[in-house]
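Student: the sequence and its predicted three-dimensional model are supplied below.
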Amino acid sequence: MKQIRVGVIGLGSRGKGNLKTILTIDDVAVTAVCDIYEDRCRQGCSIVEEKGQPTPFSSTAYQDILCREDVDVIAVFSSWESHIRIAVDAMKAGKIVGLEVGGAETVEECWELVDTYEATGTPIMLLENCCYGKNEMLVRNMVRDGLFGEIVHCHGAYAHDLRGEVSTGKENRHYRLNHYLHRNCENYPTHELGPIAKILDINRGNRMTRLVSFSSKAAGLKQYINDRKDTFENKELIGKDFMQGDIVSTTIACAGGETITLTLDTTLPRSYSREFTVRGTKGMYEENTNSVFLDGEKESFDTAKHYKEVIDNARSYEEKYLPDIWKNITEEQKKKGHGGMDYFEFVAFFDAIRHHKPMPIDVYDAAAWMSITALSARSIAGGNIPVEIPDFTRGKWKDRERLDV
């Protein structure tokens, strides 16, 4: 198709940001926008108009977008509880789907996502932008070149102080608040898990088999609100108990013998990090110090001096291992969402559509990664019991070939 026509569903903060990025992609037109709030629909229309495109069709009902003949692709940026349902309905309507990240509420809806794809053949991509992050892509190439030897363990975190965002959910119409009040789980696993799954060839020669999750008590949000009670707008939350634990730790076993640990850390004071860490028989990478340790570099790795020497030394590997898209990134591209990785994600998505290529992050990845939320909730509720992770590929993981991303 010469021009790809997109309907955007969900125009909160993330949706509007993604809309702006989509509008910078060549030969892509946004022909419809949707949100349950009319003012957000108007904002979406204005963003499209400001980019010089015609005013898009607008509706507060997503079904109105799915039946339009001038929409080829549905970009789903709605709430966690609605985005899989919308994606399923879009595939049934024959619309290609770009699905924003988040956790699944049930394993059953993950199966519905897979079953619908297999029944319709409609392409779908999980829009996990961190798979296109600079450090993540650099380390992926280092792993594939064998620099770290046989990979044994990976770790990642969604470590992001969201107390302000969550606690003002009512005022800002943000769905996270309801989840933190009523659920306890690894609620946002894919930022850390996505790049790790690509490194470990999950669903393409390897798969995740079971997990165990632990949760700390929930004290951070209650303290945060109490400390601001004199000026806090939503008085209903003062003294309110939240279900979501402040720190959730999940350990995942893989068929290849590797382990993965994930940490959710969003309701205590801290700086941002994804704690991306890769451990192998010949070395490791650690995001927090952007450092590479290789076996044989020093007689011992346990000295403070050597630790300081390798801080930020991953930069020295960029010439050989950094993908060209990051070597050649422009200042303008850096402004297109999270330093440029949002832009690269959408370029890959639309390129796959235009050239009829497999989606870089496909329905099986989406189901497996998003299922961690529902499975972690089950593990925590059961007293930290081990929980089996379904094989959403139905055995095809053994023979599926690795993709570039």
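Tutor: Arrived safely, thanks for sending. Numbering: from 1, shown residues only.
Student: just give me the neighbour total for residue 16.
Tutor: The number of residues packed near residue 16 is 19, by other C-beta atoms under 10 Å. Bear in mind the C-beta positions are built from the backbone N, C-alpha and C, glycine included.
Student: would it count as being in a helix?
Tutor: Yes: applying DSSP: H, G, I helix; E, B strand; the rest coil, one finds residue 16 inside a helix.
Student: do I have it right that it meets residue 43?
Tutor: Yes: contact criterion C-beta atoms under 8 Å: residue 16 and residue 43 qualify, at 6.5 Å.
Student: ok, and the closest non-adjacent residue to residue 232?
Tutor: Leaving aside its chain neighbours, residue 232 sits nearest to residue 225 (5.8 Å; criterion: C-beta to C-beta, 6 or more residues apart in numbering).
Student: residues in contact with that neighbour?
Tutor: 167, 232, 237-238, 240 (C-beta atoms under 8 Å, 6 or more residues apart in numbering).
Student: quick one: buried ones out of those?
Tutor: Buried members of the contacts of residue 225, counted by 16 or more other C-beta atoms under 10 Å: 167, 232, 237.
Student: next up, the contacts around the second one.
Tutor: Residue 232 sits next to 167, 225, 238 when contact means C-beta under 8 Å, 6+ apart.
Student: circling back to that earlier point, which one of the buried ones among the contacts of residue 225 is nearest to residue 250?
Tutor: When the buried ones among the contacts of residue 225 are compared for distance to residue 250 (C-beta to C-beta), residue 167 wins out at 24.3 Å.
Student: ok, residue 30 touching residue 20?
Tutor: No: using C-beta under 8 Å, residue 30 makes no contact with residue 20, being 10.1 Å away.
Student: same drill for these two, tell me which one is more crowded.
Tutor: Per other C-beta under 10 Å, whichever of residue 30 and residue 20 has more neighbours is residue 30, with 25 against 17.
Student: phi and psi next, for the more buried one.
Tutor: Backbone geometry at residue 30, expressed as degrees, to the nearest 10, gives phi -100, psi 110.
Student: swap in residue 8?
Tutor: phi -100, psi 120.
Student: residues contacting it?
Tutor: Residues in contact with residue 8, defined by C-beta under 8 Å, 6+ apart, are 15, 18-19, 22, 30, 32-34, 44, 75, 77.
Student: report the separation between it and residue 76.
Tutor: 9 Å (C-beta to C-beta, to the nearest Å).
Student: show me how far stretch 90-102 is from its chain's centre.
Tutor: Averaging C-alpha positions (C-alpha atoms, centre = their mean, to the nearest Å) puts stretch 90-102 16 Å from its chain's average.
Student: what ranges do the strands span in the stretch 1-150 of the chain?
Tutor: With strands called from DSSP state E, counting those that start in this stretch, the stretch 1-150 of the chain shows them at 4-9, 28-34, 57-59, 73-76, 96-100, 124-127.
Student: out of these, nearest to residue 295?
Tutor: strand 124-127 (34.8 Å).
Student: list of residues touching that closest one?
Tutor: Residues from elsewhere that reach strand 124-127 (C-beta under 8 Å, 6+ apart): 18, 75, 87, 91, 96-101, 113, 117, 190, 194, 345-346, 349, 352, 359-363, 365-366, 369-370.
Student: hmm, try it at 7 Å
Tutor: With contact meaning C-beta atoms under 7 Å, 6 or more residues apart in numbering, strand 124-127 is reached by 87, 91, 97-101, 117, 345, 349, 352, 359-363, 365-366, 369.
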